[in-house]
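K.L.:
A structural model of the following input is requested.
(chains A and B)
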There are 2 protein chains.
Amino acid sequence: MRVAVLVLLLSLVARNCDGAATDIELDAKAQYLHRLDSLNLLLYTFLLIATVLTVWTFKHRRLRFLHETGLAVIYGLIVGAIIRYGFTTSNTIQHLPVVPAAPYNQSIPPDILWFQVFENKTGGGFGNKTYAYSFRGEIYKQDSEIDKKATFDPEIFFNIILPPIIFHAGYSLKRKYFFRNLGAILMYALVGTTVSSFIIGALMYAFMQLIPHLSTSFTFLDTLYFGALISPTDPLTIISIFNDLHVDVNLYALVFGESVLNDAVAIVLSGAIQNYGERYLTPGSNKFELVAFFQAMGDFVGIFSLSLFIGATMGCITALLTKFTRVRDFPLLESALFVLMSYSTFLIAEASDLTGVVAVLFCGICQAHYTYNNLSSDSRQRTKQLFELLNFLAENFIFSYIGVSMFTFPKHHFDIGFIISGFFCALLGRAANVYPLSFLLNLGRKPKISLNFQHMLFCAGLRGAMSFALAIRNTVSEARQAMLTTTSLIVILTVIFQGGMASQFLSWFNIPVGVDEEVEVLSHNGVRSYNSMQDGSVGVGTGGKPNEKALLARIWGNFDTRYMKPLLTHSRPTLLETLPVCCTPIARLLTTTQQMTQDDMGHKIDSDSDLCLDEQEFERRRASSQPVSYHQPNLNYTVNPCYQPNGTEPTSVSAASAVPSNRDEPYVILNLNRR
Amino acid sequence: MRVAVLVLLLSLVARNCDGAATDIELDAKAQYLHRLDSLNLLLYTFLLIATVLTVWTFKHRRLRFLHETGLAVIYGLIVGAIIRYGFTTSNTIQHLPVVPAAPYNQSIPPDILWFQVFENKTGGGFGNKTYAYSFRGEIYKQDSEIDKKATFDPEIFFNIILPPIIFHAGYSLKRKYFFRNLGAILMYALVGTTVSSFIIGALMYAFMQLIPHLSTSFTFLDTLYFGALISPTDPLTIISIFNDLHVDVNLYALVFGESVLNDAVAIVLSGAIQNYGERYLTPGSNKFELVAFFQAMGDFVGIFSLSLFIGATMGCITALLTKFTRVRDFPLLESALFVLMSYSTFLIAEASDLTGVVAVLFCGICQAHYTYNNLSSDSRQRTKQLFELLNFLAENFIFSYIGVSMFTFPKHHFDIGFIISGFFCALLGRAANVYPLSFLLNLGRKPKISLNFQHMLFCAGLRGAMSFALAIRNTVSEARQAMLTTTSLIVILTVIFQGGMASQFLSWFNIPVGVDEEVEVLSHNGVRSYNSMQDGSVGVGTGGKPNEKALLARIWGNFDTRYMKPLLTHSRPTLLETLPVCCTPIARLLTTTQQMTQDDMGHKIDSDSDLCLDEQEFERRRASSQPVSYHQPNLNYTVNPCYQPNGTEPTSVSAASAVPSNRDEPYVILNLNRR
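P.N.:
Sure thing, here's the model as predicted:
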């Protein structure tokens, strides 16, 4: 019965079928393209699933000759080759050359084309139609444009893939050792990357002059750009192995700190080089070269420091928001606020023509240093786990993509001369960064960086995601395409071979592994200093052994403990104690009740609170000398049976949830319950 | 010194500056557009931050007259109005009409246009250039095309925003009460939504005939499509209030279950209606209407059940992967696998021309029902928290967008006649769903659905994200644009007013609030049945009171307990016990050692393990009768002091981590430790 009524109703629809045919064809087309997109993403999802399962097998069987990123690259290469040579899809993309309807005199192409079709009225009786087309890019060789199978817009790396990776790097930085080695890290990252870029650039340019067919296609600016993009090292593979093997913490801090910061340096440096090129080469600009050069230097310094400033400011604002509101009573809101503030940092920097990736790096460091201490334990765990997962997915995606795109990206240009020079210069550039700067650093540094450590730093110079992202960003000329190919190959080979041999390197250079985090072995002079957990001196800026800290770290540490932490977190001493008397009213305003009423225990916890990340790590290491746990620092974290979800006593709840996970805590609480 | 060398080197760059001017202008253009995009995203990020902070204030002050989604909509409206009327941006998008270079005879437009510019050689000496333009859509009125400020491609809702929302709905479904009320939920969702769609469609068509200026612009198919898109109800606002107030669990299950499933029904139904239209209206097709109609019905049933099948299958595969590998030893890998498998479900369905949103819904239900029991406690927490956060961000984004787009989306069409008819029909459609079907259900149902519950079901019929997403997906005709406007208004008003009055409704209809989850009050006949936690009968399919369970639920429950759970999880009885003797070899293969060696405690836990989500909720409710906690079911979750991070005894660790959070657990473990 109902069906009959429905049919009756549906018989009313036979109207307005003008234009339906085209609409349906358009729909089908759109659906087809959507299906292609889905298949494309599905390919990478399956690649990642395969990588995860294989990584698990490797970990399960304790094979360590190949790291997950290496696996992702290899799977990517295999799948890329299959796509390239296995399928012969019909070329379903239709191209149509068009000309302007009216004379067009501007130098740049319009954003939107309106394509007008005058259809013949005899067939379906349709009128004229206008379709909108949006700008995609310039075409250089119409014949060689093959279909873009399994490729993405390169900008997704800078806007989607890299931000969580870099933020996670900042958020999970071991700040204690990072700040302790701040001088060396800044030296390697800032000076070293710049030196390496210029040396590689100059050497490559010299090599290009020696190779006849390349001598005309590469400008010095091109090779300099290549130097900037190939200089940053990638932390992922090495750091993960260091983690497994419990390598000496100062070496860890040097390698990780440098590779995190030199990503930031490289992206700004390459941007400055490009700006220099644009400014210098603009016809009609009469600027003297030196002016342009100093402008590029100004760009570099300005963009870097402004991005840093935005990142740090947004981190501090988040800290203030979480300190002065009680949003921590609602962990979901708190986590959402944290994520949104961090993401808006990226967007603010990008919208201001600065570098979002650099901004999120420093935002991440500030979030870990200040905001983390104000968060509820639920949010601490949630944010850490969230970014850990995002980082894992993003880094494996980018390495899969490096593999796949080696075969499918249409703009590769294999030039054996450039490739060999590239490999040679990349090695030399790394050496030019590590050895001379270590020599300089050792002049003023008390625990010297030993030659073995220098060798290890040299060997830890894998190239990774940032180099690839910078190389694939711009492939307009043959020179740039050759750079992309060379960069891809360098990344693939260093990740697979240098990454796979990392534990071998460690044993060759006699680097101590399986060491307790607190045992420092930087100097190798037999004197191992041991800081117990209870010793207040392990924190940044709470005094400590002066010969182990650079002046920079000491000054910053003092300022941080006296003003920044009291302002931005619930830590003691409060601003009432550190600010001069005249500022007491302001200080009172900026000090929370929680900060004032904290008992001794809370005080102690807060003053060491920047170590809470380290302590989990510490505990994990103590728990077992066998490396079996994998990226699970948070498992035993919310051991807190006395938590009260009803929140009727907010102060006590938050005080309880502010207790960082401590290896003694479960027993403490058991004792409490027994009373 | 170094600067001088650099300048010397940089002086080598003055080469190959052909085409540089245009490149720079293009770069500047691209940068400008990127900045606009960033600003656009930043706007929504700030909107969300404002929403989060205001929601916090409301929660803090226990104001309940406005829910977070209502707030998001209101902020969106304010910002949208500011953007629309506050700024007069110069029209920076350049349009250029073009014609084909050669005659073009195909009925559909090409995918790519190659725009050839012949530049005058006198100026810069550049040659011809070709730019690629990709298809964006058809333009209907060139004059009325205003700049798309703060708008997104509607497809992002189906591909990015809705999937996590719907997956989370499936993953957090209270399965016990869902399955107990399965019959009623399916009735409301499947039959009810279809009936409501057709009634709204028919009524709207009738109204349109009465309004002169509208009678020609709406076909019956149009109004039917409107019926399908306005029928699904939105769970978010109501459910969150129900959660706060601890509304009767069966009412909760009915409202939540219906609104989750009717989203799935509506998306498939509207797709089938569209397909019907396309098939029926294709010129040259001689199909009889009835054939097309049955094809549409077949589409509906086929797409729905195939999507369901894909979702359930992928959920089961994930369960098998997590059961038979020990990937749980590495929680990060496990969580990544979980996320990737769930995402690939969406992509597989989309790539097969099915409905990804429906697939992820059933994938989510299976993941919660099976996989969740196999996960390590770290992964359980991580996945739940991740999707909770994603859901929160996605739902607030979509409601902000509904507000903003009311002013900024260029394709709104305000027609007062259609809007009033729309509101009236939406109410009537909801009534036609709830009351007749409740009457039918009560004929065969033992605990009847009382009239007050029916009123509440009627009032819980807010419209939300799915209606809006379906309405904005297609705005080619004036009819569709009027639908979008009406749908937006219905969503905004129902979310703000019906959502805001939810607690008022509850008291008007005498719905018991603040009830214990285990106290069932469905029948209101004075006989309240109380199931204690220790009673095995609360689980799905473990027997229980027959008069409280539909036949469907009983059959499924039995099958599930005997075959599905033993196969897919570590629960007892094992397949060795439930399968016939002839299948013993297969059963042995499919039974893990863990499953076999489980002690009695493990057995009990696993057979009740589908309750672990409920039990957290239960505990939370017991802990306080005051609703203050907000979406924090996981806070007291990993209370597990005996967890051993070193993993040297993997069996014991995983057995311990498989213990679901239970209100008695801390004490149990304390006792164990005392021994």
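
K.L.:
now do the SS call for A:Pro109.
P.N.:
coil (DSSP: H, G, I helix; E, B strand; the rest coil).

K.L.:
so which helix or strand takes in the closest residue to it other than its chain neighbours?
P.N.:
In space, and not counting its chain neighbours, A:Pro109 is closest to B:Tyr131: 4.5 Å by CB to CB, 6 or more residues apart in numbering or on different chains. Backbone N, C-alpha and C define where each C-beta goes, glycine included. Assigned by DSSP states H and E, B:Tyr131 belongs to strand B:129-139.

K.L.:
about what we covered before: next, count neighbours for the residue nearest to A:Pro109.
P.N.:
19 (other CB atoms under 10 Å in any protein chain shown).

K.L.:
you'd agree it is up against B:Leu96?
P.N.:
No - using CB atoms under 8 Å, B:Tyr131 is not in contact with B:Leu96; the gap is 10.9 Å.

K.L.:
before we move on, the earlier item: who's the residue nearest to A:Pro109 bridged to?
P.N.:
A:Glu138, B:Phe115 (DSSP bridges).

K.L.:
ok, it to B:Gln116 distance?
P.N.:
8 Å (CB to CB, to the nearest Å).

K.L.:
per-residue pLDDT, the residue nearest the centre of chain A?
P.N.:
Centroid check for chain A by CA atoms, centre = their mean gives A:Ile166 as the closest residue, at 2.1 Å. In this model, A:Ile166 is scored at 90, pLDDT.

K.L.:
wait, A:Ile496 sits on A:Ile74?
P.N.:
Yes - the criterion here is CB under 8 Å, and A:Ile496 meets it with A:Ile74 at 6.9 Å.

K.L.:
identify the contacts common to those two.
P.N.:
Residues touching both A:Ile496 and A:Ile74 (CB atoms under 8 Å, 6 or more residues apart in numbering or on different chains) are A:Leu66.

K.L.:
what parts of the stretch 451-600 of chain A come near chain B?
P.N.:
Proximity of the stretch 451-600 of chain A to chain B, by CB under 8 Å from any CB of the partner chain, involves residues A:Val476.

K.L.:
in the stretch 451-600 of chain A, which residue sits nearest chain B?
P.N.:
Residue of the stretch 451-600 of chain A nearest chain B, by CB to the nearest CB: A:Val476 (7.2 Å).

K.L.:
can you classify that residue by secondary structure?
P.N.:
coil.

K.L.:
do the same with A:Leu96
P.N.:
strand.

K.L.:
check contacts around it.
P.N.:
Here A:Leu96 is in contact with B:Pro100, B:Ala101, B:Tyr104, B:Pro110, B:Ile112, B:Leu113, B:Trp114 (CB under 8 Å, 6+ apart).

K.L.:
need the distance between the two termini of stretch A:458-467.
P.N.:
One end of stretch A:458-467 to the other measures 17 Å (CA to CA, to the nearest Å).

K.L.:
A:Ser376 and A:Met314, how far apart?
P.N.:
20 Å.

K.L.:
A:Leu48 contacts B:Leu333, correct?
P.N.:
No - under the criterion of CB under 8 Å, A:Leu48 makes no contact with B:Leu333, lying 10.8 Å away.

K.L.:
can I see the domain layout of chain A?
P.N.:
A:158-518, A:550-595 (the TED database).

K.L.:
circling back to that earlier point, which of the contacts of A:Leu96 are buried?
P.N.:
Buried subset of those (neighbour count, 16 or more other CB atoms under 10 Å in any protein chain shown): B:Pro100, B:Tyr104, B:Pro110, B:Ile112, B:Leu113, B:Trp114.

K.L.:
for the residues you listed, which one is nearest A:His34?
P.N.:
B:Ile112 (17.0 Å; CB to CB).

K.L.:
any part of the strand or helix carrying A:Gln381 near chain B?
P.N.:
Following DSSP H and E, one finds A:Gln381 within helix A:377-408. Yes - counting by CB under 8 Å from any CB, chain B is contacted by helix A:377-408 at A:Asp378, A:Gln381, A:Arg382, A:Gln385, A:Leu386, A:Glu388, A:Leu389, A:Phe392, A:Leu393.

K.L.:
of those - the most surrounded one?
P.N.:
A:Arg382 (28 neighbours).

K.L.:
which residues touch it?
P.N.:
Contacts of A:Arg382 by CB under 8 Å, 6+ apart are A:Pro331, A:Ser335, B:Gln385, B:Leu386, B:Leu389.

K.L.:
report the two of those separated the most.
P.N.:
A:Pro331 and B:Leu386 (13.3 Å).
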